[in-house]
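**Student:** with the input below, show me the fold.
(one chain, ligands or ions: 1)
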Amino acid sequence: MSLTGKKIVLGVSGGIAVYKAVDLVSRLRKKGAEVKVVMTEAATKFVTPLTFRELSANPVVVSMWGEVHEFNVEHIALACWADLFVVAPATANIIAKMATGIADDMLSTTLLATPAQIVICPAMNTNMYEHPITKANLQKLLDLGYKVLPAAEGHLACGTSGAGRLPEPQAIVEYLEQTIVAAQDLAGLNILVTAAGTREAIDPVRYISNHSSGKMGYAIAQAAIARGAQVTLISGPSNLPVPAKVNFIAVDSAREMHAAVLDYFTQADIVIKAAAVADYRPKEVSSQKIKKQADANLTIVLEKNPDILADLGQKKTKQFLVGFAAETNDLISNAQEKLRKKNLDMIVANDVTLSGAGFNADTNIVKLLYPDGEICSLEQMSKTKVANILLDCILAKRKI
Ligand code: C5P
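**Tutor:** A predicted model of the protein is given here:
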């Protein structure tokens, strides 16, 4: 995977190596990434925000209290926007703040709020870099899943020589490219995904179903596999190719899906129910094809299907439970109601009447809702991108 199209937030903290971050911005942009820069006050003493603004072609944020660039809570908007968050140079101070959860300026607050992968590029005097506190802080962040590009050795601005130099921008770019390719951040996790619509038989040749293509659920399964998870995909009928390395279970009806989901539920760490399950099924299934009657209506009586997700909400122990809410009206309130009623950890809400969203589309426009009332709104993007952001957000929430 390349950096093309990646949204990178570059956090710049105050050390002499800030000048290298200027070059880094221009290299990242040459690779096709979009870059937004957040600086600490101290960093602005070395290089002005204007330089970063011109090179990134985006406003630079420094203060929590300055001019607003977007009509959103700015640090949350930036935090959600990022595919990747790079801190270069990262001083001992910002590393200590990250390791202890201090959020007292724009950069530290945005770092605490982001669900994106964070890459730290430390740069400081050798004694500070080798201080047991800095070492312990970096180890703690590594254990939490942050990536750290070790500082280089050589002549330092303070006149000494040793470890603590910010690696050259070219080396940072290469590290980022490798890190993205190799991001196996879901390794060891067992993820259960459901996808596509169910079919509820009327007779041997007819059924009731819906327009779900399975694209969203298959994209999630594929993204999770690429990131190292063990994935079981339980799918209603779909024309999509089955992603490689997935444990694939094909089902037809809601009741079949229910049984299959229960078989795999206990071993799952994360359950993502992207399937469009039929709420009702014909009460009687004719064993023979129903013949049309001249001038008579046909009445089919429907009975309720089990609500699989609500059942899982009752049964869940360790599982992180994610539902989908495809709505045509009152998106937020309907989704919040489902989140609460089904005892979910997250719900992905989408208005299926919007163009570029919902059934059969290759893109989606979703909002991620959490039980504490937090809502993260994503712009229109490919279902693959939605899948990856969804997985990032689940990982971030599971860490808490
Ligand atoms: O209540 P509603 O059907 O709108 O909720 C949608 C969510 O619930 C989806 O995640 C869907 O997979 C799940 N669901 C289910 N069993 C049903 C109906 C919906 O698991 N019978």
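
**Student:** ok, now how distant is Asp83 from Ala229?
**Tutor:** Separation of Asp83 from Ala229 (C-beta to C-beta, to the nearest Å) stands at 19 Å. For glycine as for every other residue, the C-beta is placed from the backbone atoms N, C-alpha and C.

**Student:** enumerate the residues of the protein near the ligand.
**Tutor:** By the rule C-beta under 6 Å from any ligand atom, the part of the chain lying against the ligand is 194, 254, 273, 275, 277, 279, 305, 307-309, 323-325, 338.

**Student:** how does it look with 5 Å?
**Tutor:** 273, 275, 277, 305, 307-309, 323-324 (C-beta under 5 Å from any ligand atom).

**Student:** so which of these belong to strands?
**Tutor:** The strands in this structure, assigned by DSSP state E, contain 273, 323-324 from those.

**Student:** lowest mean pLDDT among the helices and strands of the protein, which one is it?
**Tutor:** Counting by mean pLDDT, DSSP states H and E, the weakest-scoring helix or strand in the chain turns out to be helix 169-182, with a mean of 78.

**Student:** beyond it, next helix or strand please.
**Tutor:** Helices and strands here follow DSSP states H and E; after helix 169-182, the next one along the chain is strand 190-195.

**Student:** which residues of the stretch 1-150 of the chain fall in strands?
**Tutor:** 7-12, 34-39, 84-90, 117-122, 147-148 (DSSP state E, counting those that start in this stretch).

**Student:** strands paired with the shortest one, and their directions?
**Tutor:** To tie it back to what came earlier, the one meant is strand 147-148. Using DSSP bridges, strand 147-148 pairs in its sheet with strand 117-122 (parallel).

**Student:** name the residues that touch the strand it pairs with?
**Tutor:** Identification of contacts with strand 117-122 by C-beta atoms under 8 Å, 6 or more residues apart in numbering yields 83-92, 95, 98, 111, 129, 134, 138, 141, 145-151, 164, 166-167, 172, 175-176, 179, 183, 185, 392.

**Student:** packing partners of the helix or strand containing Leu391?
**Tutor:** Per DSSP H and E: Leu391 is located in helix 383-399. Based on contacts counted as 3 or more C-beta pairs under 8 Å, 6 or more residues apart in numbering; DSSP states H and E, the elements that helix 383-399 packs against are helix 215-226, strand 270-273, strand 320-327, strand 346-351, strand 363-364, strand 366-369.

**Student:** which stretch in these has the least confidence?
**Tutor:** Averaged per stretch, pLDDT over the helices and strands packed on helix 383-399 is lowest on strand 363-364, reaching a mean of 86.

**Student:** picking that back up, and the residues of the chain next to the ligand, which are buried?
**Tutor:** By neighbour count, with 16 or more other C-beta atoms under 10 Å, the residues of the chain next to the ligand hold 273, 275, 277, 305, 307-309, 323-324 as buried.
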